[in-house]
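Asker: sequence-free structure coming up:
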DNA sequence: TTGTATGAG
DNA sequence: GGCTCATACAA
């Protein structure tokens, strides 16, 4: 196939004879769509940042070992992360500790921190591996480091343009569209002016540069033969700017925290994620729109997000191939027929690198779980109860970090899962119950609830032997900071009144509703198969509560705004472009802050007031830094760890890329 | 609301 | 494999 099968590729590019008056394939409207994070904007720029073998790096930083020191993180007799120096010795995932040591006698194998019955805090213990029967793993040290990294990332983005989604403990997505938009206007004054014709659908002039300076570090992924002859258009320039931003963010993470990471820059989450996995340690990859087809064609689709499991298996069974290229020729009707309409359409789009899913500005967790697999199974209520104590201690400590004590956030439900039988098999059951709201939540209360759930499970019989138990809390809700904060004076009448009625009452509920579209809660991020492009009429006001929340300690004292009316007025921007049938907000008032589409200027104003209030609220109880609260851990820098083991996550994608064409001048 | 499955790191 | 997380869907 050629790039013409690719949606966004410059399908019909004029003969390379350079007419100075050639127009961009993008319009003024497309440009302004960037400012509102319109998911169908063809100039959208998304980045995915992925820490290199995160747990291993965290231990390296904690222990202060040299960068080239082989190190692995051990969990019982296995390895859960291996740094790159160790991988050079052939140490990988499935290595046992002894094998790893044999391969590299110099290897440091640091065991993860553990909770231990009788102790009230997790800690790094020299004898953890031999105490699998009494210890339980704690990943807290990594959660804390994850927060520091997240804060650093946010610190290096403009306070009103931090659209960051924490995808996992060591990954984030950034929607850099608005940020890049601002940089473009600044660097290219010719497009900062309104369209000469006054018509937003007028094409932009071509960028005033004939070649882009992709720094060596930001490797561009190739094209097929001819595409490189086309002059760069605005999407290429946008990618370049984003690549600069990402390079700076990575440098900050490295300089301040001593962590390296890989990154991918592309037009959506799907592609940026594939991009970050493309060149692994400490590098970044740009996938320009014109290179998408070439980049994807070499993949097995089972490498794509959501196709790595049973769905992918099902697809490959039905069509008898795992190749993207081969599946690409299957008509969409065929996909719909075999997979169902929604899934069929989703697969069809995904194979083509089309993904309109939002970068959901969520950095807070929604549930927390503490679990233990019992190597020798446990067989008594007493044993189970003792584990519950540890689970509760673990979870409660984390709840404190989340601000339960200040009633900042608290969970609504508690669940206990149980697995009967041996090892990984055996049926699992669970029981859950609401967590009484009202009074403050303490450790004993939690323990009582957990015990009740345990008793319920026991009553159902078939409990012993038990091979796994896990306790989790979820359904977190934001509370109102006790002193009915500053936020309240911004609220009008009844809302303000309600605020005083007590924690988390109608006022909050109301605000919540307002921040989330009517019907259900809009599915902002990925997850489900369907729902990807199809809809998206009004850009959802991304749950602002979550949005800013986690900017913990970050001293990002934000300043008032309301500004950027400059781009807001571009209001009803809609995205023709991508064939994906998505018309967007029509005739609404867009909030430049979050992309929400309000019906009237009044509601827009009110909505912006809400942002203001929320900001103040956040500012008020500015979350404290995390670094310290680790209190418990005896961060004693001892090095002679134990064994080592397998590797870390992902790996470099396999596509065969023909690197080429990039360098040249920079902006005029 | 409660419980199970799936997918991911 | 073990330990977390998130989400969709069924009961």
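Answerer: Noted; the coordinates are in hand. This is a predicted model, so every value here is computed, not measured. Numbering: from 1, shown residues only, chains lettered A, B, ... in the order given.

Asker: Would you mind finding the longest helix in chain A?
Answerer: Criterion DSSP state H: the longest helix present in chain A is helix A:381-402.

Asker: just checking, next helix/strand downstream of it?
Answerer: strand A:409-410 (DSSP states H and E).

Asker: Can you tell me which helices and strands that following strand packs against?
Answerer: Where contact means 3 or more Cβ pairs under 8 Å, 6 or more residues apart in numbering; DSSP states H and E, strand A:409-410 is packed against helix A:381-402, strand A:477-478. For glycine as for every other residue, the C-beta is placed from the backbone atoms N, C-alpha and C.

Asker: Is the next helix-or-strand element following it positioned near DNA strand C?
Answerer: Using DSSP H and E, the helix or strand that follows strand A:409-410 towards the C-terminus is strand A:413-420. No: applying Cβ under 7 Å from any atom of the strand, one finds strand A:413-420 separated from DNA strand C by no less than 9.0 Å.

Asker: who's in contact with strand A:413-420?
Answerer: A:371, A:388, A:426-435, A:446, A:449-450, A:453-454, A:457, A:462-475 (Cβ atoms under 8 Å, 6 or more residues apart in numbering).

Asker: Mind listing what's buried along the next helix or strand after it?
Answerer: Next along the chain after strand A:413-420, taking DSSP H and E as the criterion, comes strand A:428-434. Neighbour-count burial for strand A:428-434 flags A:431-432 (criterion: 16 or more other Cβ atoms under 10 Å).

Asker: Tell me if strand A:428-434 is near DNA strand C.
Answerer: No: under the criterion of Cβ under 7 Å from any atom of the strand, DNA strand C is not reached by strand A:428-434; the shortest gap measures 10.9 Å.

Asker: in the helix or strand just after that strand, what counts as buried?
Answerer: Following strand A:428-434 in sequence order, the next helix or strand is helix A:443-459 (DSSP H and E). Within helix A:443-459, the residues that count as buried by 16+ other Cβ under 10 Å are A:445-447, A:449-451, A:453-454, A:456-457.

Asker: Just confirm residue A:65 is within a helix.
Answerer: No: assigned with DSSP: H, G, I helix; E, B strand; the rest coil, residue A:65 falls outside any helix and is coil.

Asker: wait, it sits on residue A:108?
Answerer: Yes: here residue A:65 reaches residue A:108: they are 6.6 Å apart, a contact under Cβ atoms under 8 Å.

Asker: With neighbour numbers in mind, choose between these two.
Answerer: Using other Cβ atoms under 10 Å as the criterion, residue A:65 and residue A:108 rank with residue A:108 on top: 24 against 19.

Asker: doesn't residue A:69 make contact with the more buried one?
Answerer: Yes: counting by Cβ under 8 Å, residue A:69 is a contact partner of residue A:108 at 6.4 Å.

Asker: any shared contact partners between these two?
Answerer: By Cβ under 8 Å, 6+ apart, no residue touches both residue A:108 and residue A:69.

Asker: so who does the residue in the stretch 351-500 of chain A that DNA strand C sits nearest to touch?
Answerer: Residue of the stretch 351-500 of chain A nearest DNA strand C, by Cβ to the nearest atom of the strand: residue A:373 (3.1 Å). Contacts here follow Cβ under 8 Å, 6+ apart; on that basis residue A:373 touches A:467-468.
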